[in-house]
Structure formats: structure tokens, C-alpha cells
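K.L.:
Provided below for reference: sequence and predicted model.
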Number of protein chains: 2
Amino acid sequence: MSESMNIQMNPIGLVETDVADADMSGRRRTLISDIVIFDEHVPALLGISDYSHIVVLFWMHDAEPSEKSVVHPRGNVDLPLTGILASRGRGHPNPIGLAVCDLLNVDGGRLTVRRLDAYNGTPILDIKPYDSYDAYADIRMPEWLARRSKSTTA
Amino acid sequence: MSESMNIQMNPIGLVETDVADADMSGRRRTLISDIVIFDEHVPALLGISDYSHIVVLFWMHDAEPSEKSVVHPRGNVDLPLTGILASRGRGHPNPIGLAVCDLLNVDGGRLTVRRLDAYNGTPILDIKPYDSYDAYADIRMPEWLARRSKSTTA
């Protein structure tokens, strides 16, 4: 095991959305997209519709790892310098996207979800059912982020 | 973009735990482990201690993708056949582990966490701060799983 160990993955499906990349930011709470799982993996979805929410892991294939270790979140210099790994933004060393989504419909290998902030054509790495281990009621986060969360909660 | 698109990653750190692999099952709620982030990524942790919880993505390097699409969860034949992708067990096509962990301490690149069900030496792919987008109070899951969750909630 070392830092140069190479890990390889293949996508299990793709994102389909009509929303243009540039229009996605700030709309996450209402975004509705489809995840299209490749045929070979469709049988492995059995039972997924028993869950109200899924965790979606995707590969942000156009997101280069950040050259800087710290950034101002969303490029806003009024927000404190924050490490890339302490941020949900782009630029992580391995650009894996993670979204907890409402699972609205399942039709064969086509999963319709809300709150997936992934561009059209994004490769899907994995989906997992969301369960009580993932749900924390009492969480702490930086004051500036908590303020934003409160003001935008639907 | 195709099913054979190859995606490559490198670990950003490793798990350190004294708990033997065989003793890990069923102890998740009390497990305490360290995540040791490689030196080059330590500056990218700035601000992580402002969060009470983090999402940890890890590479289950010894978990082969399942040859079967459906399994009985935990090998228990009393539980309904469930698709691999509708299960939190091992055997996903890309064996990425995901755990939401309590972040107990940060000392340089050493993060001490609770609830990380990853074996000693497991490569870490990414960490993300857990925020209000990840936290759902009202979730639905299969009846057999909800029953188990209720009976084991600390």
C-alpha cells in the first residue's frame, strides 16, 4: 500500500438531465435528473424502490484536482480560507461527487431522482440505499455555512 | 463515454485501527479508528474540525464484485433477496465504502473518528464534510431494515 497505488473503476451508468451545466448551480434542491444504469447492472437494483433516498457517487470527469490546498468557498473572499478536503466544492484529489437524492421513480434501469447536482453524461460509480446510519439530526458545521443552510432550506 | 471507460484514482490516506478484521462486524457504532492523511494532502484539511461529522469514502481493496446480482442481506435467508446495489453490503461493482463518521479529533493529518467500518490499512479515497444536504430526518427503508435500525440505535 502506498501513495501511488493505482485504483481503477468503471462506470455503472450515466446521468441524463436537460439542465445545462451552467444552469445547475444553486438549483440543487429542485433539480430532477435520471440515472440510467447499464443493462448488466439492472438486476442488482432489486429492492431499491423500498428506499426513499439513495446516495449517488459519481465521477466528475471534468473536475481537475485543485492546485491549491485551500480556497475561499464558492470563490467568495468574504468566506474563510478552507481546505479542499474540508469543502464540498470541486477540486478534491479524487473528484468523486456525492449527493443524497430523493428517489422519485424506478423504471427498469432508469432512476428518477431529485437533488443530483451532476452534469448530463456524468459517469455513475455507485449507488447505495440511504439508511439510518447516514442520518444525523444534530450536526455542527462552520457558522457561515450553517447560516446559509438555514436561509435556503426549503 | 462507455461502459469500459477507465477511471483511475490514488489513495489520499490510510485507515489505522487496532480492531482485527474479523472483530469489526456488528461493532460499528462504537468503533474508533484513525484516518492518516498523506503529508501532501494535510494542508487541504484546513477547517475540517469545524464539522462534527465527515463522510469517508474508502476503497475496499479485498472486496471482489459479487458474481450474483441479488443476495440475502448478511447471508440471512430469512431476509428478502435484494439487489447488490440496493444493499449496503460488499460486492458492489466498484467496491467503494462509505461511512458517515463522528469526527472526534484532528491532529495534523491524523483524524480520529467513530463509526468507520473499514479494516486496518484500507486506502482512503476522499473525505467530505457532512452538511445539511446529507441529513434527512424522514426516511423510508424496507421494513426488515427499519426494525433492525430501531432495535440497535444507541
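P.N.:
Cool, got the structure. Just so you know, these numbers come straight off a predicted model, no measurement behind them. Numbering: from 1, shown residues only, chains lettered A, B, ... in the order given.

K.L.:
how many neighbours does A:Asp62 have?
P.N.:
Look at A:Asp62: counted by other Cβ atoms under 10 Å in any protein chain shown, it has 11 neighbours. From N, CA and C alone the C-beta is placed, and that goes for glycine too.

K.L.:
Distance check, it against chain B.
P.N.:
The spacing between A:Asp62 and chain B, counted by Cβ to the nearest Cβ, to the nearest Å, is 12 Å.

K.L.:
which SS class is that residue?
P.N.:
When classified by DSSP: H, G, I helix; E, B strand; the rest coil, A:Asp62 comes out as coil.

K.L.:
now that we're looking at the nearest residue to A:Thr30 once chain neighbours are set aside, which residues does it contact?
P.N.:
Excluding the flanking residues, the one nearest A:Thr30 by Cβ to Cβ, 6 or more residues apart in numbering or on different chains is A:Arg114, at 7.2 Å. Contact analysis of A:Arg114 by Cβ atoms under 8 Å, 6 or more residues apart in numbering or on different chains lists A:29-32, A:101-102, A:104.

K.L.:
Show me which of these are buried.
P.N.:
A:31-32, A:101-102 (16 or more other Cβ atoms under 10 Å in any protein chain shown).

K.L.:
now, which of these lie within strands?
P.N.:
Taking DSSP state E as the definition of strands, the buried ones among the contacts of A:Arg114 contribute A:32, A:101-102.

K.L.:
Turn the contacts of A:Arg114 into a markdown table, columns for pLDDT.
P.N.:
As requested, those are exported to a markdown table (pLDDT from 0 to 100):
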| residue | pLDDT |
| --- | --- |
| A:Arg29 | 83 |
| A:Thr30 | 88 |
| A:Leu31 | 93 |
| A:Ile32 | 95 |
| A:Cys101 | 95 |
| A:Asp102 | 95 |
| A:Leu104 | 97 |
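
K.L.:
For the residues you listed, work out which two are farthest apart.
P.N.:
Pairwise distances across the contacts of A:Arg114 (Cβ to Cβ) peak at 13.7 Å, for the pair A:Arg29 and A:Leu104.

K.L.:
Restricting to C-alpha, output stretch A:53-62 in CSV.
P.N.:
Listed next in CSV are the C-alpha coordinates belonging to stretch A:53-62 (Å, rounded to 0.1, in the frame of the first residue of the first chain):
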residue,chain,number,x,y,z
HIS,A,53,-33.4,8.2,-0.6
ILE,A,54,-30.2,7.0,-2.2
VAL,A,55,-26.6,8.1,-2.0
VAL,A,56,-25.2,8.6,-5.5
LEU,A,57,-21.4,8.6,-6.1
PHE,A,58,-20.3,10.0,-9.5
TRP,A,59,-17.2,10.8,-11.3
MET,A,60,-16.7,14.5,-12.0
HIS,A,61,-14.7,13.7,-15.1
ASP,A,62,-14.1,17.4,-16.0
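
K.L.:
in that stretch, what counts as buried?
P.N.:
Buried, per 16+ other Cβ under 10 Å, within stretch A:53-62: A:53-60.

K.L.:
Work out the gap between that stretch and the centre of the chain.
P.N.:
Relative to its chain's centre, stretch A:53-62 lies at 4 Å (Cα atoms, centre = their mean, to the nearest Å).

K.L.:
All the helices of chain A, residue numbers only.
P.N.:
Applying DSSP state H to chain A gives helices spanning A:143-152.

K.L.:
which stretches of it aren't confidently modelled?
P.N.:
A:1-4, A:149-154 (pLDDT under 70).

K.L.:
where along it do the strands fall?
P.N.:
Under DSSP E, chain A gives strands at A:7-9, A:13-16, A:32-37, A:53-59, A:70-71, A:82-83, A:96-107, A:110-114, A:123-129.

K.L.:
before we move on, the earlier item: out of the buried ones among the contacts of A:Arg114, who's nearest B:Asp126?
P.N.:
Of those, the one sitting nearest to B:Asp126 (Cβ to Cβ) turns out to be A:Cys101, at 18.2 Å.

K.L.:
Just list whatever residues bridge to the closest residue to that closest one other than its chain neighbours.
P.N.:
Spatial nearest neighbour of A:Cys101, excluding adjacent residues (Cβ to Cβ, 6+ apart): A:Val113 at 3.8 Å. In this structure, A:Val113 bridges to A:Ser33, A:Leu103 when assessed by DSSP bridges.
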